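1. Predicted model, plus sequence, below.
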Amino acid sequence: MSTFRRPISPTELIYFPMRDLAPPFLMQLAIEGEGSLDAERLRRAVAIASAANPGARLVRDGSYWVDSGVAPTVREVHHALQFPALEADPVLTSPIGPTPESTTEVLLLTADPVTIVFRVFHGVMDGMGMVMWATDILRVLRGQEPVGAADPVADAELVAKVGAPGKPALMVPRFGSALGRGRQDAGEHRHLLRHRTIHAAGPGALMRVAAILADEGGPLSRIMIPVDLRRHDPALRSTGNLALPLFLDARPGTDWKQLNAEKRAGLAEGRELNQMDNTGLTKLPPAAGRALARSLNWVGARLGRNLASATVSHMGRYDLEALAVPGFAPTSVRVLPQHSVAMPILMGLTEGGGRTELTVSVRSGRGIPDRLDALLDRIVRTLESELTPADSASPRTAGPAADAAGTTGR
């Protein structure tokens, strides 16, 4: 083992029971492309990049994460992602491996189209950490040196250093969902994972989606925007969980520009720093925490009362050509959010090639699939009509461009 070692933060502790309550409880980054990749070549790149990003090799040691020194597994499978009902995809929903202690993994899906899927237990990384690790692997495949992220820092340590300007938001299950409520029947999928490609891209996509969710969500919605805490320490290089929520409360008819102004005001005040362990879940014994999580799921599904209406993250804008490696040219980058028992909707957006890729995990139930289709139809129509071709053609970066809202945000 290397000397990399850091405490497991309160946020990360909350995620441990979710592997059983909302399996497989993984964030996943899928890069689809043209061409092919040799599995052994990918394994070497994963090993080199993960040595430079030891947060990809973590195992639990009591109350600490420690670097195992063992590179993440690369699984080669002759398979293509099974759109649109990704919740039924047997590979995408499989447990991470090769052991229950594993926290990251890479899939090489060799059916047409070839796809690389980076899989991460949220207890070790946030979305930006996953992107940092994945883009370093692509750098190594291009023959470049990895940038690396070897700082053993997560949210609790950074917030203690920076300071919190105010009080945490009161977390009470009273917010509606754009999908309403629906009893979860035995034998049915408890969560759905669906995707849409939007043939437009540009500034404002995140807040336009948030406004639609508020418009459909009943009397009052609370939209959670994960904020990348790395903005408070630009020199920090860590793949750890460094995202905390910025909450935006909105009523139907709220304009996206108004929501955007509120987001910017919250960022200017650093309100996300207040939300360290605001649910209090980590103060409960594990069994009590699990029982509370199950109760929150029941109250949300049956009564339509949630701690928050939705989480919406923007994971960046990508130059697909700059991500290419010898023999493999990416055609899309998609972030696939983990499932949740306490949140009815989790949406992840990325941009590339003039398109916006939207993937959503939702708590399912009676009537939810049809309502989800209608909601996604509205989002696609709105973004394709409001984002101009000039927006879609604006300059991009090889990695995620960000303005510090969303896990990277836009």
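-> Here it is on my side, so go on. Just so we're clear, the structure is a prediction, and the values are computed from it rather than from any experiment.

2. Could I get the full set of helices for the stretch 101-250 of the chain?
-> Assigned by DSSP state H, counting those that start in this stretch, the stretch 101-250 of the chain shows helices spanning 127-141, 155-162, 205-216.

3. what's around the spatially closest residue to L375 that is not a sequence neighbour, how many residues?
-> Leaving aside its sequence neighbours, L375 sits nearest to A178 (CB to CB, 6 or more residues apart in numbering; 5.7 Å). All C-beta spots, glycine's among them, are computed from the backbone N, C-alpha and C. Look at A178: counted by other CB atoms under 10 Å, it has 24 neighbours.

4. repeat for L58
-> So L58, with other CB under 10 Å, has 27 neighbours.

5. ok, now which ones touch it?
-> Listed by CB atoms under 8 Å, 6 or more residues apart in numbering, the contact set of L58 reads W65, V66, D67, S68, T103, T104, V124.

6. again with A329
-> G33, E34, G35, L320, E321.

7. Can you point out the buried residues in the helix or strand encompassing it?
-> Using DSSP states H and E, A329 maps to strand 328-336. For strand 328-336, the neighbour count (16 or more other CB atoms under 10 Å) marks F328, P330, T331, S332, V333, R334, V335, L336 as buried.

8. how far off helix 127-141 does it point, in degrees?
-> 170 degrees (axes from the mean of the first three to the mean of the last three CA atoms, to 10 degrees).

9. next structured bit after strand 328-336?
-> strand 345-352.

10. Pairing partners for the helix or strand that that next one is followed by, with directions?
-> Once the chain leaves strand 345-352, the next helix or strand it forms, by DSSP H and E, is strand 355-363. Here strand 355-363 has these sheet partners by DSSP bridges: strand 191-198 (antiparallel), strand 345-352 (antiparallel).

11. Quickly compare the ones you listed and say which is most buried.
-> Most buried of those, by mean neighbour count (mean count of other CB atoms under 10 Å): strand 345-352, with a mean of 26.

12. Low-confidence stretches in the chain?
-> 1-2, 277-284, 388-410 (pLDDT under 70).

13. Recalculate using a threshold of 80.
-> 1-2, 277-290, 298, 388-410 (pLDDT under 80).

14. Do a quick rundown of the strands in it.
-> Assigned by DSSP state E, the chain shows strands spanning 5-7, 26-35, 58-61, 64-67, 73-77, 104-109, 114-121, 191-198, 221-228, 243-250, 310-318, 328-336, 345-352, 355-363.

15. which residues are contacting the first one?
-> Yep, that's strand 5-7 we're talking about. D61, S63, Y64, W65, V66, D67, P152, V153, A154, A156, E157, G240.

16. measure the residue nearest to R378 when sequence neighbours are not counted to K257 for me?
-> Sequence neighbours aside, I212 is the residue nearest to R378 in space, at 6.0 Å (criterion: CB to CB, 6+ apart). Counting by CB to CB, to the nearest Å, the separation of I212 from K257 is 14 Å.

17. which of those two has more neighbours?
-> Taking other CB under 10 Å, I212 and K257 do not tie; I212 has more neighbours (19 against 12).

18. Looking at the contacts of L58, which one is closest to A265?
-> V124 (32.0 Å; CB to CB).

19. Distance of the closest one relative to R355?
-> 30 Å.

20. between these two, who's got more neighbours?
-> V124 (24 against 17).

21. Show the contacting residues for E386.
-> A200, G204, R208.

22. F118 contacts L29, correct?
-> Yes - look at F118 against L29 with CB atoms under 8 Å: they come within range, at 4.4 Å.

23. Need the overlap of contacts for these two.
-> Listed contacts common to F118 and L29 are M130, A134; contacts here mean CB under 8 Å, 6+ apart.

24. Tell me how far the residue lying closest to R208 once chain neighbours are set aside lies from T104.
-> Nearest residue to R208 in three dimensions, chain neighbours excluded: W256, at 4.7 Å (CB to CB, 6+ apart). Distance, W256 to T104, using CB to CB: 35 Å.

25. wait, what's in contact with the residue nearest to R139 when sequence neighbours are not counted?
-> Of all residues not flanking R139 in the chain, P146 sits nearest, at 5.6 Å (CB to CB, 6+ apart). Applying CB under 8 Å, 6+ apart to P146 gives the contacts I48, A49, A52, N53, D136, I137, R139, V140.

26. Now the third one: closest residue in space that isn't a chain neighbour?
-> When you say that, I think you mean A52. G148 (3.5 Å).

27. for the last one, same thing?
-> Closest residue to V140 in three dimensions, ignoring its sequence neighbours and counting by CB to CB, 6+ apart: A45, at 4.0 Å.

28. I'd assumed L273 was in contact with V159.
-> Yes - if you go by CB under 8 Å, V159 and L273 touch, sitting 5.5 Å apart.

29. hey, what's in contact with both of those two?
-> In contact with both V159 and L273: L229, L244, using CB under 8 Å, 6+ apart.
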